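1. Provided below are the primary sequence and the corresponding predicted coordinates.
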Amino acid sequence: MDNKADESYHTPANFLNELESKQIIKRAGLTVTEPIITKSPSEAISIAQKTGYPVVLKVVSEDIIHKSDSGGVVTGLMNSESVGQAYSSMIAAIKQNHPDAVIDGISVQPQAPPGVEVIIGMTRDPQFGPAIMFGLGGVLVEIFKDVSIRIAPLAREDAAEMIRELKGYKLLQGYRGKPKVDTDILEDWLLKVSELAMNNPRMMELDINPVFAYAKGAIAVDARVLLKDDN
């Protein structure tokens, strides 16, 4: 498997959009929800009908990093009417909140079943190299800041320790009747992200959040990559 980042994914702002970022991590062996970029409400409805409901709409823009905070994410859309309305409302909200933002389109993607939300990330330290991060994901990462960090390359033992040392580890072990999360898969993901970071020196940051972790498997719902500018 070739984990090298494709040069065609480089954008002037260095931040890759969700579609580009997911293509990179998918080639590294991670499972992702598949976004399709649309340019009109009618096109979004057509894609949603082919994808199957429920679907999620997300704004695609290099100028908008935190989509949820900007009105750029709508989940749980169950029919054509709700997709069309959400599309128009999202465009209006973005233009109001970010009038100078360039909107490349609105992505349509299937809504993944709910799971335990975790985050996997990477930041390239100028002295130590890639630092791999794992923690509770979604809004929990900002509230509790329950994360663990190791310097790449990771061994299997490192990945296992990162998961076990979380304060919220009990959430992964089953909580109030919920099934135990597949931590073996999460270890695999950490190792693949470690390898991806080691093989791509231009990759400065990687943020996969949230990852929905299940009793069997996991899926990346959102991702963001920052590339170093070679110029």
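-> Cool, the structure landed.

2. quick one, what contacts the closest residue to A28 other than its chain neighbours?
-> Of all residues not flanking A28 in the chain, L196 sits nearest, at 4.5 Å (C-beta to C-beta, 6 or more residues apart in numbering). C-beta here means a position set from N, CA and C on the backbone, and glycine is covered the same way. With contact set as C-beta atoms under 8 Å, 6 or more residues apart in numbering, L196 has these partners: N3, I24, I25, A28, M122, M203, L206.

3. same thing with S80?
-> I45, A48, Q49.

4. The first one: how many residues sit nearby?
-> So that's I45. The number of residues packed near I45 is 21, by other C-beta atoms under 10 Å.

5. same deal with the second one?
-> Each residue near A48 was counted by other C-beta under 10 Å, and the total is 28.

6. Flag the shaky bits of the protein, pLDDT-wise.
-> 1-13, 139-144, 230-231 (pLDDT under 70).

7. So which of the contacts of S80 belong to helices?
-> I45, A48, Q49 (DSSP state H).

8. State whether the second one and V83 are indeed in contact, as I suppose.
-> Yes. Counting by C-beta atoms under 8 Å, V83 is a contact partner of A48 at 4.8 Å.

9. and for those two, which residues touch both?
-> Joint contacts of A48 and V83 (C-beta under 8 Å, 6+ apart) are V55, L77, V108.

10. would TSV of the contacts of L196 with distance to D63, secondary structure and neighbour count be doable?
-> As requested, the contacts of L196 are exported to TSV (distance: C-beta to C-beta, whole Å; DSSP: H, G, I helix; E, B strand; the rest coil; neighbours: other C-beta atoms under 10 Å):
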residue	distance to D63	secondary structure	neighbour count
N3	28	coil	16
I24	21	helix	23
I25	22	helix	22
A28	27	coil	20
M122	23	strand	25
M203	21	strand	20
L206	20	strand	26
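
11. from these, which is closest to R176?
-> I25 (31.1 Å; C-beta to C-beta).

12. Now for the closest one: which residues touch it?
-> Counted by C-beta under 8 Å, 6+ apart, I25 has contacts V32, V193, L196, L206, I208, A220, A223, V225.

13. neighbour-wise, which of the residues you listed leads?
-> Neighbour max across those (other C-beta under 10 Å) = V225, 28 neighbours.

14. Is that one part of a helix or strand, or is it coil?
-> strand (DSSP: H, G, I helix; E, B strand; the rest coil).

15. wait, it sits on I24?
-> Yes. With contact defined as C-beta under 8 Å, V225 counts as touching I24 (5.9 Å).

16. nearest residue to D182 other than its sequence neighbours?
-> Using C-beta to C-beta, 6+ apart, the closest residue to D182 is K216 (5.5 Å).

17. before we move on, what about A220?
-> Nearest non-adjacent residue to A220 (C-beta to C-beta, 6+ apart): V32, at 4.5 Å.

18. one step back: okay if I get the shared contacts of A48 and V83 as a markdown table plus secondary structure and distance to A92?
-> Shown next, in a markdown table, are the shared contacts of A48 and V83 (DSSP: H, G, I helix; E, B strand; the rest coil; distance: C-beta to C-beta, whole Å):
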| residue | secondary structure | distance to A92 |
| --- | --- | --- |
| V55 | strand | 19 |
| L77 | strand | 17 |
| V108 | strand | 18 |
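
19. Would you format those as JSON lines with distance to E161 included?
-> Putting the shared contacts of A48 and V83 into JSON lines (distance: C-beta to C-beta, whole Å) gives the following:
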{"residue": "V55", "distance to E161": "38"}
{"residue": "L77", "distance to E161": "40"}
{"residue": "V108", "distance to E161": "39"}
